[in-house]
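Enquirer: any chance you could fold what I've pasted below:
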Amino acid sequence: MMILLFPLFLGLSIIAVVADAVRAGSVRGIRGGLAFFSVCLLLCYVLAFALISLDPYFDDNGAPSFIDLRFRWFWAAELAGWIALLFLPTAFALRAAVKGVRVWLRRTSENEGIAATTEEHIRE
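Expert: Sure, this is the predicted structure:
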């Protein structure tokens, strides 16, 4: 099933990124989450293809069978779908955590600046 779903989602995400770039008039106008989703899907596929290429054998009823290069693309699509089920939620959670930490650091640095200027006004 993943062999059908993964290429569908990858194709739709790339079409959405291109449509978003056309809508915005430039590549800089692409929404961050959409581009991040597409890049994560591509990374899942690259990782899956690398894993399949590192060990191109599978167990076929007790006999090891070699996966030809022309079939590795399809096996990688299947494996990438399963990797994406774990990788995408984790990547988006890490992205949200990093954004949250950046916002928190920005707010604390702004509050320290406000506190410092307030103390200077109190001293005067």
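Enquirer: for the rest of this, base every contact and every neighbour count on C-alpha atoms.
Expert: OK.
Enquirer: neighbours around Phe37, how many?
Expert: By other C-alpha atoms under 10 Å, the residues close to Phe37 number 19.
Enquirer: contacts only, for it.
Expert: Listed by C-alpha atoms under 8 Å, 6 or more residues apart in numbering, the contact partners of Phe37 are Ser13, Leu88.
Enquirer: tell me the spacing between it and Ile67.
Expert: 29 Å (C-alpha to C-alpha, to the nearest Å).
Enquirer: try Glu78
Expert: 14 Å.
Enquirer: report pLDDT for the nearest residue to Ala77 once chain neighbours are set aside.
Expert: Distance criterion C-alpha to C-alpha, 6 or more residues apart in numbering; nearest residue to Ala77, sequence neighbours excluded, is Ile3 at 5.4 Å. Note on Ile3: pLDDT of 81.
Enquirer: then Glu119?
Expert: pLDDT, read off for Glu119, is 52.
Enquirer: restricting to C-alpha, output stretch 49-65 in PDB.
Expert: The C-alpha coordinates for stretch 49-65 follow below in PDB (Å, rounded to 0.1, in the frame of the first residue of the first chain):
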ATOM      1  CA  PHE A  49      17.100   4.100  -1.200                       C
ATOM      2  CA  ALA A  50      20.400   4.200   0.600                       C
ATOM      3  CA  LEU A  51      19.300   1.500   3.000                       C
ATOM      4  CA  ILE A  52      18.100  -0.700   0.100                       C
ATOM      5  CA  SER A  53      21.300  -0.200  -1.700                       C
ATOM      6  CA  LEU A  54      23.500  -1.000   1.300                       C
ATOM      7  CA  ASP A  55      21.900  -4.400   1.600                       C
ATOM      8  CA  PRO A  56      20.200  -5.400  -1.700                       C
ATOM      9  CA  TYR A  57      19.200  -8.900  -0.600                       C
ATOM     10  CA  PHE A  58      15.900 -10.100   0.800                       C
ATOM     11  CA  ASP A  59      14.800 -13.400   2.200                       C
ATOM     12  CA  ASP A  60      12.600 -15.200  -0.300                       C
ATOM     13  CA  ASN A  61      11.300 -18.300   1.400                       C
ATOM     14  CA  GLY A  62      14.600 -19.000   3.000                       C
ATOM     15  CA  ALA A  63      16.800 -18.200   0.000                       C
ATOM     16  CA  PRO A  64      18.500 -14.900  -0.300                       C
ATOM     17  CA  SER A  65      17.500 -13.000  -3.400                       C
END
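Enquirer: having no further points to raise, I will conclude here.
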